[in-house]
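J.: need coordinates for the following:
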Amino acid sequence: MNTYAPLPRTLVVRLDSAGDVLLAGPAVRAVAAGSSHTALLCGSQGVAAGHLLPGVDEVIEYDAPWVGLKPPAVSREVTDRLLRELSARRFDRALVLVSYHQSPLPVALLLKLAGVGWTAADSEDYPGVLLDLRHHRLPHRHEVLAALDLARDAGFSLPSGDDGTLRVEPPPDTTHLTGAEPYVVLHPGAAVPARAWSPARAARAAAALSAAGHRVVVTGGRGERDLTSHVSGGHALDLGGATDLRQLAGLLAGARVVVAGNTGPTHLAAAVGTPVVCLFAPVVPAERWGPYGVPHVLLGDQDVACAGSRARRCPLAGHPCLDGVGDGQVLAAVTALGGPPRRRTAPRGAAASPPPGPGGDRATQRGATV
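T.: Residues are numbered from 1 along each chain as shown. Predicted structure coming up:
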């Protein structure tokens, strides 16, 4: 008589933003295929994305003092509460997913204290007994592939038929928000200002797209309503603050093309299969953080002085890497990915595309994948 060991209860840790959680999705599916129960531990900025991922049975929220743009203070009470939650769930195994510049060891210590039997992570730091599998990520790997590498070497593989691209649960129909006509989404904001156009440059892009015959929908969070109002002007439909993350997924799924910076909505667009024109500031490397698994075009000068600096605010006058991208480049990229506009005239009152600013169409277009 054959006997089989029960599948483990597994915890996947990804403590960063919504975009980071979305990029962890393929690794989460690999873990879920080999586990009886799969939980995701993530910060408050990633919870909504965690609930969208196929394969996740539960999401546990924890804002770590060593992660994020504004990390919370160290709290014994919060730490004790987390340890109780993790202990009560009796996880057999854990995978800690981190970016190449982060250490998994603080959370690995907490997992050991909570009784997690086996933990794996990428770590360049000596882990002592905190990691049962100390994994080394290969150089120049995209975050999606690095997470899948760790999952595979921890014994978790994607199921047959899973191509390893980003996915979310089927999003809702948002036609009641957008209308039925074809549209292009412009998402002007980003949590890190260095990774987005200036408001004036984004407004000029909305005007240029509209003047070229595209119907433009401008999206943003509740705290970005002033930005989306400014960018949409009289040229575009302003849906700033009108959607939660699940509704935004539906809105992006209905778009012909999404124009956005290196931010969560770019990865959400990829997860619903929509082509992306990505305004990619080189403060982080595109080979690790670019749009994954969908047709895309990267716009932006990747050779400016701040490349690789991880700067949160542009240190160079005029934000040359992104504000130097010309309207012609944007229009060409949108057409390459989504075809020409499907209506012949711009809406009444739409302004003609203004001339390129300094740098104009000289900004570099690189990494195109169409």
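J.: for the stretch 201-350 of the chain, which segments count as strands?
T.: 216-220, 237-240, 257-261, 276-279, 296-299 (DSSP state E, counting those that start in this stretch).
J.: one more: the stretch 1-150 of the chain?
T.: 9-13, 37-42, 58-61, 93-96, 118-122, 133-135.
J.: and those strands as CSV, adding mean neighbour count?
T.: C-beta: built from backbone N, CA, C; applies to glycine. CSV is the format used below for the strands of the stretch 1-150 of the chain (neighbours: other CB atoms under 10 Å):
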stretch, mean neighbour count
strand 9-13, 25
strand 37-42, 25
strand 58-61, 16
strand 93-96, 27
strand 118-122, 24
strand 133-135, 18
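J.: got those strands as a markdown table, with distance to residue 81 and mean pLDDT columns?
T.: Compiled in a markdown table, those are given as follows (distance: least, CB to CB, whole Å; pLDDT from 0 to 100):
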| stretch | distance to residue 81 | mean pLDDT |
| --- | --- | --- |
| strand 9-13 | 16 | 98 |
| strand 37-42 | 13 | 98 |
| strand 58-61 | 11 | 98 |
| strand 93-96 | 18 | 98 |
| strand 118-122 | 20 | 97 |
| strand 133-135 | 27 | 96 |
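J.: need the contact list for the closest residue to residue 104 other than its chain neighbours.
T.: Leaving aside its sequence neighbours, residue 104 sits nearest to residue 121 (CB to CB, 6 or more residues apart in numbering; 3.6 Å). By CB atoms under 8 Å, 6 or more residues apart in numbering, residue 121 lies in contact with 95, 96, 97, 98, 104, 108, 127, 131, 133, 134, 135, 150.
J.: for residue 22, which of the strands of the stretch 1-150 of the chain is the nearest?
T.: Distance to residue 22, taken as CB to CB, is lowest for strand 37-42 among these, at 10.9 Å.
J.: mind listing residues that contact that closest one?
T.: Taking CB under 8 Å, 6+ apart as the rule, strand 37-42 contacts 9-16, 21, 28, 31-32, 49-50, 53, 55-62, 86, 89, 91, 107.
J.: re earlier: mind putting the strands of the stretch 1-150 of the chain into TSV with distance to residue 214?
T.: Formatted as TSV, these follow (distance: least, CB to CB, whole Å):
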stretch	distance to residue 214
strand 9-13	39
strand 37-42	35
strand 58-61	37
strand 93-96	42
strand 118-122	41
strand 133-135	45
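J.: nearest to residue 201, out of those strands?
T.: strand 37-42 (32.3 Å).
J.: and that closest one, how far out from the chain middle?
T.: A distance of 18 Å separates the centroid of the chain from that of strand 37-42, by CA atoms, centre = their mean, to the nearest Å.
J.: ditto for stretch 295-303
T.: 16 Å.
J.: residues of it that come out buried?
T.: 295, 296, 297, 298, 299, 300, 301, 302 (16 or more other CB atoms under 10 Å).
J.: stretch 220-239 too?
T.: 220-221, 224, 227-228, 230-233, 235-239.
J.: chain center to it, what's the gap?
T.: For stretch 220-239, the separation from the chain centroid amounts to 21 Å (computed by CA atoms, centre = their mean).
J.: again, but for stretch 7-24
T.: On the basis of CA atoms, centre = their mean, stretch 7-24 sits 13 Å off its chain's mean C-alpha point.
J.: report the buried residues of that stretch.
T.: For stretch 7-24, the neighbour count (16+ other CB under 10 Å) marks 8-24 as buried.
J.: one more: stretch 175-183?
T.: Across stretch 175-183, burial judged by 16+ other CB under 10 Å covers 177, 178, 182, 183.
J.: can you tell me what sits against it?
T.: Counting by CB under 8 Å, 6+ apart, 214-217, 237, 239, 242-243, 247, 251, 254-256, 342-343 sit against stretch 175-183.
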